[in-house]
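Q: Only the shape, not the letters, is given here:
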């Protein structure tokens, strides 16, 4: 289980990754030329990245489903990296992208279990 960030100062890139099982959350906020990330929303809110404004649709999902799917968070302006995904922030080119890593969900179940 992991959630991590790797900063490359030579290229001005930040990589965030989250394990495919998704036990450890990874929240992020991106603004003009900078990114903040943490395993909880409280540190991001305390930085003053965005105001504290509840997303009504996310609150409905949370109360109905008991969790928030995908990149949803309860607060506007913040995102959550989905399990098994990698986010790449190129702060020099102001580029951002998210992609799946380590195969598709359930990839461990598809692995061979023995030699036949």
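A: Structure received. Remember, predicted model here, so these are calculated numbers, not experimental data.
Q: any idea how far residue 15 is from residue 53?
A: 29 Å (Cβ to Cβ, to the nearest Å). C-beta: built from backbone N, CA, C; applies to glycine.
Q: Do a quick rundown of the helices in the chain.
A: 41-46, 56-65, 107-110 (DSSP state H).
Q: Tabulate the ones you listed (JSON lines), appending distance to residue 7.
A: Listed next are those as JSON lines, based on distance: least, Cβ to Cβ, whole Å:
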{"stretch": "helix 41-46", "distance to residue 7": "17"}
{"stretch": "helix 56-65", "distance to residue 7": "29"}
{"stretch": "helix 107-110", "distance to residue 7": "28"}
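Q: Buried deepest among those helices, which one?
A: Of the helices of the chain, the one with the most neighbours on average (mean count of other Cβ atoms under 10 Å) is helix 41-46, at a mean of 15.
Q: Between the helices of the chain, which one is closest to residue 74.
A: helix 56-65 (5.2 Å; Cβ to Cβ).
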